[in-house]
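Novice: Coordinates for the following, if possible.
(chains A and B)
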Amino acid sequence: MVFNSVAFLGFFPAFLAAYLVTRGNARLLVCLGASYIFYAFWDPRFTGLLFMSTTVDFWLGRALGRERPPATRRALLIASLLVNLGTLAAFKYFDFFADTFGLAYAALGGGRSDHALRVILPIGISFYTFHSLAYTIDVYRRDISPEPSFLRYATFVAFFPHLVAGPILRAKAFLPQLRTDHAITRARFDIGVALVVWGYFKKLVVADNLAAIVDPRFASPEAHGALSLALGAIGFAFQIYADFSGYSDIAIGLAYLLGFDFPRNFARPYFATSFSEFWRRWHISLSTWLRDYLYIPLGGNRDGVVRTCRNILITMILGGLWHGGSWTFVLWGALHGGFLVIERLLGSTRTIPEYWRRIPSFVRYPLASGVVFTLTVATFVLFRSPSVEHAVTYWSRIVTAEGWAFAAVDQKFLVIKSALAVAVLVLGDAIAEVVNVEPLMLRYRPVYILPIAVGAWSIALFGAFEGAQFLYFQF
Amino acid sequence: VLSWSFVVGLVLLGDRAAAVQFDHLALSSNTRFARLYSGRIPSGVLVLGSSRAVNSFYAPLLTELLRRPVFNLGYNGLSAEVAEALLRDLLERNAKPELVVLEVTNVEFGNEVLNDFRPFGRFSPRIAAIIAQQDPRIAAATRISHLFSYNSEMFLRMLYSRHESDQTWVNRYRIAPAVLAGLDAAPPHTLSSNEAGLRALRRTLELLVSRGIEVRLVVGPYLPAYAQKIVNLRAWIARVEVDAGQPVWDFSSAVAEITGFADPRHLNEVGTSVFATQLLKARFFERGVHPPQQRAP
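Specialist: Numbers count the residues shown, from 1 in each chain, chains lettered A, B, ... in the order given. Down below sits the predicted model:
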């Protein structure tokens, strides 16, 4: 089931009613049952995989809590890593490595072979695997105690607002929230609904309208002119942001109105003035996960510049690979890693930061965010393309093809409509960048009602309702 | 609960108030359909069909050449079924046309672009009925949110054509070299026969005959290289002629100049001028004239 489906319109009120009339374990059972129903709407067969992953990590967590000898504890952790990463490898990366080795084998004269499995990727596998994995690692590090209740642990892993596309939760922050019954307060309900409406606006008005512009351009870049392709690339940058942050806002909003606090996942990333800032604002729950469970264990920035740069590159490449088994994601991660390394090297010199600070801030900030945004858009071409060759064709046609006149751009009305939607998105982000909207909304009722009403009217008037899936479901 | 009932009530009230405002805006706009529903289409030649009708019959030029009003009521993807509904609405609200030109390749289409006509469901029970038949969920959604009726490209076209007629709508670019180059390798195309479309065409013709309105069925120009790719063009035209009981004027090869095309299926501004000359030469708009003898299928 997806948040933008008719089924969800029936599902959520029914869940809310059951949630309100239950307490304690019964409420947890309602949450867990609803989450499995939510997941089964997509494909009931894969609920078994979700249950298996949950059960194994719950059992390993308990065992880690009991065991004392370090070697046994390490073996249990390795077992958890093998189960979680093995599941991910089988469903998500097997074909990638099989295809890559097949090509390499053919290039060495070994003949063509195809060992790819071509299995369906279970939706949300990357997210719930990371939830479980972080839990066992935290128990291994003794950062948290193992969860004694299977019901509570299973609800933590499968809770439907975050199940299929995050934010990636930490057991340390979320499991304690499942130990108490939360009352639905007026303030929480109001802010939760506001977040949900804003999320739907991002998804239905911004992302799905942009999808209709982006998809044909990336499907056949050779059939479009330069401006058309440039608009397609910029469009994708906003589409993926609106789509994913829209999903996160709906998830966080739904959880918030039920009484739960999810971590923030986006913080207006296109206002970033450096790549390190961009990654503190973009998909925050994944960035911090990679920082805590990969970058820091690799050594972080503790062992000099060379090792730091190596650690950054490894983290970013694996972060790219997390999105899927494709060289486009690997290269995308590597490019962002490269930008971070360059930034770190420039920052470590004496003169460049000094010169940079001398530039007036009204020039420096727009310039820096312009450079970061342009490079982000350029790398997103790689992220969106089915292959590296395809991305190269896309980039080269933006530079070499004719057609920089707006008259040559097709879908003009859709382009104008989407540009207006993006303008509203950017304006909303700009306001949130300088003003803390939440207390204002709670204090002054018109400040609350007006955006809700305008959001609802905009969705009715400009929303795209073709039932497009959220982009991050594929990851 | 009271507070949220107030919010929901306010949202619904605003929704209805805005939709009423948009109704006024829609009817005062200068798009072809706004003029239809506000009774502002002059008597004269009326052109109906899909984007091939829009881009083959350039109304301002034909009006000038014929010295009588020519009105293009074509629209991208307009199916024969929706065309029939529009024509019936037109006859109820406007002066009777002297001649109706139907570009018949739209009988191929289903009602896929019907969403664009959602605003007119508010003025036309016929359009509303087709929308409800096509997708009952959309019909239900327009009852909940009246603004949802305006969630279509047509609404943006209405805003764009607020003060200016959209009769000047025509492709103003040339076919891309890449498209031309790819034509040789393109697979052959077969024109399909949509039974619902053919039935709608028959009903349209019966309506026009019953009202004493002269009608021309026509196939507009294709890019010659593309026309050759259509394996059943002659047989398809013959089928339409038999079904409709009327001859079809076949102008599929009337424009030979590549510069006159925006893509293989559509003329551009240059092409419409060449085509207008061909139409006049064939005395297409004169009363009682029949198409020249065409090649056998």
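Novice: When you work out contacts or count neighbours from here on, use the C-alpha atoms and nothing else.
Specialist: OK.
Novice: Now for the chain, the helix or strand with the poorest mean pLDDT.
Specialist: By default, I'm working from chain A. Within chain A, confidence by mean pLDDT, DSSP states H and E is lowest for helix A:94-107 among all helices and strands, at a mean of 76.
Novice: wait, chain B
Specialist: Lowest-scoring helix/strand for chain B, mean pLDDT, DSSP H and E: helix B:177-183, at a mean of 83.
Novice: For it, buried residues please.
Specialist: The neighbour-count criterion (16 or more other C-alpha atoms under 10 Å in any protein chain shown) identifies no buried residues in helix B:177-183.
Novice: what residues does that helix touch?
Specialist: Residues outside helix B:177-183 that contact it (C-alpha atoms under 8 Å, 6 or more residues apart in numbering or on different chains): A:222-223, B:225-226, B:263.
Novice: cutoff 10 Å now
Specialist: With contacts defined as C-alpha atoms under 10 Å, 6 or more residues apart in numbering or on different chains, helix B:177-183 is touched by A:222-224, B:186, B:223, B:225-226, B:229, B:258, B:263-264.
Novice: what's the answer for stretch B:135-143, then?
Specialist: Residues outside stretch B:135-143 that contact it (C-alpha under 10 Å, 6+ apart): A:6, A:460, A:465, B:114-115, B:118-119, B:121-122, B:128-133, B:144, B:147-151.
Novice: any chance you could map the strands in the stretch 51-200 of chain A?
Specialist: In the stretch 51-200 of chain A, no segments count as strands under DSSP state E, counting those that start in this stretch.
Novice: which regions of it sit below the pLDDT cut-off?
Specialist: Within the stretch 51-200 of chain A, the stretches with pLDDT under 70 are A:112-119.
Novice: any idea how far A:L85 lies from A:T328?
Specialist: 21 Å (C-alpha to C-alpha, to the nearest Å).
Novice: Kindly report the same for B:A85.
Specialist: Distance from B:A85 to A:T328, by C-alpha to C-alpha: 50 Å.
Novice: who has more neighbours, these two?
Specialist: Just comparing B:A85 and A:T328: by other C-alpha atoms under 10 Å in any protein chain shown the higher neighbour count belongs to A:T328, 26 against 18.
Novice: Isn't the more buried one up against A:V388?
Specialist: Yes. Under the criterion of C-alpha atoms under 10 Å, A:T328 makes contact with A:V388 at 5.6 Å.
Novice: Overlap in contacts, these two.
Specialist: In terms of C-alpha under 10 Å, 6+ apart, A:T328 and A:V388 are both contacted by the residues A:381-382.
Novice: Quick check: closest non-adjacent residue to A:Y256.
Specialist: Spatial nearest neighbour of A:Y256, excluding adjacent residues (C-alpha to C-alpha, 6 or more residues apart in numbering or on different chains): A:G192 at 5.3 Å.
Novice: Now the residue in the stretch 151-297 of chain B that chain A sits nearest to: phi and psi?
Specialist: Here the stretch 151-297 of chain B gets closest to chain A at one residue, B:N151, 4.5 Å apart by C-alpha to the nearest C-alpha. Torsion angles at B:N151 (phi, psi; degrees, to the nearest 10) stand at phi -80, psi 80.
Novice: burial of it, as a residue count?
Specialist: By other C-alpha under 10 Å, 24 other residues sit near B:N151.
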